[in-house]
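Peer 1: got a sequence here, can you build the structure:
(one chain, ligands or ions: 1)
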Amino acid sequence: MQYQSAAQFSKSSPCTNVPIHCPICPSSISQVPQTICKYNALCYLASEHSTGTTITGQLLVDIFISKEEEKALKFEAEITDLYRKEYNIPDTDGLLDGKKERDQTQFLQFHQTNLAPKDLR
Ligand SMILES: [Zn+2]
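Peer 2: Numbering: from 1, shown residues only. Purely as a prediction, here's the structure:
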């Protein structure tokens, strides 16, 4: 299946919650890659890949949700901002502002400190 057009935000079709392949999981015996929903990616990463793995830049791009998309889907920006602040998740739109490396580092720090099981910190 092709999801390229569905993965692109537009005002007429704002939801980009498409299946993406997990680049960390090995493919199944039949060479089918593990598939996750974009909007569930953070929870998936927390539950399945919370230790000893590196989140690739491409995966960060693949799970990116713009504020414009959140707004179009009526996510309350204030609640999203508070959640990101509480869990030290960088503002995803910051990735587009030339701060990619810094924000990626923040994201990885978040991943290492907040997603790892408490007994491994
Ligand atoms: Zn995986």
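
Peer 1: for the ion, what are the nearby residues on the protein?
Peer 2: For the chain, the residues in contact with the ion (Cβ under 5 Å from the ion) are 22, 24, 25, 34, 48. C-beta coordinates here come from the backbone N, C-alpha and C atoms, glycine included.

Peer 1: turn those into JSON lines, including secondary structure, pLDDT and neighbour count.
Peer 2: Formatted as JSON lines, these follow (DSSP: H, G, I helix; E, B strand; the rest coil; pLDDT from 0 to 100; neighbours: other Cβ atoms under 10 Å):
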{"residue": "22", "secondary structure": "coil", "pLDDT": "93", "neighbour count": "18"}
{"residue": "24", "secondary structure": "coil", "pLDDT": "92", "neighbour count": "16"}
{"residue": "25", "secondary structure": "coil", "pLDDT": "92", "neighbour count": "15"}
{"residue": "34", "secondary structure": "coil", "pLDDT": "93", "neighbour count": "15"}
{"residue": "48", "secondary structure": "helix", "pLDDT": "92", "neighbour count": "13"}
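
Peer 1: closest to residue 82 among those?
Peer 2: The closest of the residues of the chain next to the ion to residue 82 turns out to be residue 48 (Cβ to Cβ; 26.3 Å).

Peer 1: for the closest one, which residues are in contact?
Peer 2: By Cβ atoms under 8 Å, 6 or more residues apart in numbering, the contact list for residue 48 reads 22, 24, 25.

Peer 1: quick check: chain neighbours aside, which residue is closest to the last one?
Peer 2: Spelled out, it's residue 25. For residue 25, ignoring the flanking residues on the chain, the nearest one in space by Cβ to Cβ, 6 or more residues apart in numbering is residue 34 at 3.7 Å.

Peer 1: show me the helices in this structure, by range?
Peer 2: Secondary structure of the chain (DSSP state H): helices located at 41-48, 57-62, 67-72, 77-86, 100-110.

Peer 1: tell me which strands and helices the third one is in contact with?
Peer 2: If I follow you right, that is helix 67-72. Judged by 3 or more Cβ pairs under 8 Å, 6 or more residues apart in numbering; DSSP states H and E, helix 67-72 is in contact with helix 77-86.
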